[in-house]
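Participant: sequence plus predicted model, see below.
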Amino acid sequence: MIVKNIFGTTADGRAVDCYTLKNSSGMAVDIITYGATINSIYAADKDGVFADVLAGFDTIDGHENHSDYEGMTVGRYANRIANGKFSIDGIEYEVEKNEKGITCLHGGAELSTAVWKAIIIDDNSLEMSYTSPDGAMGFPGKVDFRVVFTLHEDNALKIEYNAVSDKKTVINMTNHAYFNLAGKGDVLGHELMINADAYTPIDENSIPTGEIRPVEGTPFDFRQSKAIGRDIAADDEQIKIGRGYDHNFCLNDGDGPAAVAYDPESGRVLEVFTDLCGVQLYTGNFLDGTITGKKGNPLIQHAGFCLETQYYPNTPNMPEFPQCTFDAGEKFKSCTVFKFSVK
Ligand code: GLA
């Protein structure tokens, strides 16, 4: 079942709607048209009690003025592009340097601040679409974006990303939800598994150095499930740069989940499946309680963790990484599933 409600109005007068997807077991997902944002996910705990497992905002003002991409669809190039510059076929492009005037972060936040057009496809699926004009934020090509959210009966939320450009361009899309399976407090006690033998270390601007470093013997080894907080303050140069985890993991091939998170207290489990090669683990390191989130509660440090499925960051400047440059007319297509259960 999908129900539409009014969510609010942006400061510049754009109407924002909220669509609630609900399945027969009672799981519900709120998606708002501002940023094609997953605003809330209500999932059951081991006793059948539902809680909102996303940290974020319950007002449009929160999303517009205080957001660190909570729940948003980000693109057209998720993550960072070094110095806001890259070349395609010998043409250099300069894109928005919206992070400290140095890097381009999440495509200059264009997709996450747009009001998307929503269409209810059927009882379980909602389509959001947005067209980015040629040259938006400095990127080449007019791109038609289409994101389909489907809530399945087995408590899996599937996100299908589609994009096509009229010029050769770079496309990287993800969702920036901050999960908190307890629905409160911080996530340091959550256990996390990431199916990655390696990760991409970063420089002081959070740009990968190019090294693919084995996780073995480092705080980045999540191959066996461990508490997020166990090594988050380890004496490690990479942990210090990110003030915790803010890194891309190079996912191993295979059909199993890319990541599994578990909150021992509530029993909630989140499995993440993706066809992409990377995932950014960000543990809300820069949240510091000064911003008010849902229900008036402060967004404290580590209030949530993000598992942003993606191509590795800065690909157009890193030819050795798997590439996400698409020809005119070539289709960008990817799929990520967030599946909830209990144990
Ligand atoms: C964005 C990025 C994260 C992290 C934060 C820092 O949310 O997606 O990876 O770097 O900024 O505030």
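Facilitator: Ah, there it is. Numbers count the residues shown, from 1 in each chain.

Participant: how about Ile102: what's its closest non-neighbour residue?
Facilitator: Taking CB to CB, 6 or more residues apart in numbering, and ignoring the residues beside it in sequence, Ile102 has Asn205 as its nearest neighbour in space, at 5.6 Å. (Glycine included, C-beta is placed from N, CA and C.)

Participant: and for that neighbour, the neighbour number?
Facilitator: 14 (other CB atoms under 10 Å).

Participant: quickly note the distance from it to Asn317.
Facilitator: As judged by CB to CB, to the nearest Å, Asn205 and Asn317 stand 12 Å apart.

Participant: anything in contact with each of these two?
Facilitator: Overlap of the contact sets of Asn205 and Asn317 (by CB atoms under 8 Å, 6 or more residues apart in numbering) consists of Ala82.

Participant: what's across from the closest residue to Ile120 other than its chain neighbours in the sheet?
Facilitator: Excluding its sequence neighbours, the residue lying closest to Ile120 (CB to CB, 6+ apart) is Ile2, at 5.0 Å. The partner list for Ile2 in beta bridges (DSSP bridges) reads Leu21.

Participant: quick one: contacts for Ile2?
Facilitator: Ile2 touches 19-22, 120, 123-124, 126, counting by CB under 8 Å, 6+ apart.

Participant: cutoff 10 Å now
Facilitator: For Ile2, the contact set (CB atoms under 10 Å, 6 or more residues apart in numbering) comprises 19-22, 29, 31, 118, 120-126, 149, 151.

Participant: most neighbours among those residues, which one?
Facilitator: Ile31 (29 neighbours).

Participant: got the residues of the stretch 201-343 of the chain near the ligand?
Facilitator: Neighbours of the ligand within the stretch 201-343 of the chain, by CB under 6 Å from any ligand atom: 206, 246, 280, 282, 286.

Participant: 8 Å - rerun?
Facilitator: Contact residues, the stretch 201-343 of the chain versus the ligand (CB under 8 Å from any ligand atom): 206, 242, 246, 280, 282, 285-286, 306, 308.

Participant: and those residues, which of them are in helices?
Facilitator: Among these, the members falling in helices (DSSP state H) are Gly242.

Participant: tell me which of the residues of the stretch 201-343 of the chain next to the ligand is nearest to Val74?
Facilitator: Nearest to Val74, judged by CB to CB, of these is Glu308 at 7.7 Å.

Participant: residue contacts, the closest one?
Facilitator: Counting by CB under 10 Å, 6+ apart, Glu308 has contacts 69, 74, 78-79, 106, 172-177, 248, 276, 278-282, 336.

Participant: excluding chain neighbours, give the residue nearest to Gly244 in space.
Facilitator: Closest to Gly244 by CB to CB, 6+ apart is Asn285, at 3.8 Å.

Participant: show me how far the lengthiest strand in the chain is from its chain's centre.
Facilitator: For the chain, the strand that runs over the most residues, judged by DSSP state E, is strand 331-342. Centre-to-centre, strand 331-342 and its host chain are 11 Å apart (CA atoms, centre = their mean, to the nearest Å).

Participant: so the residue nearest to Ile102 makes contact with Ala82?
Facilitator: Yes. Between Asn205 and Ala82 there is a contact under CB atoms under 10 Å: 7.0 Å.

Participant: return every residue with contacts to both of these two.
Facilitator: Taking CB under 10 Å, 6+ apart as the criterion, Asn205 and Ala82 both touch 102-103, 314.

Participant: please indicate which of those are buried?
Facilitator: Taking 16 or more other CB atoms under 10 Å as the criterion, what is buried in the shared contacts of Asn205 and Ala82 is 102-103, 314.

Participant: near the ligand, which residues of the stretch 1-150 of the chain? Just list them.
Facilitator: 68-69, 74, 78-79, 99, 105-106.
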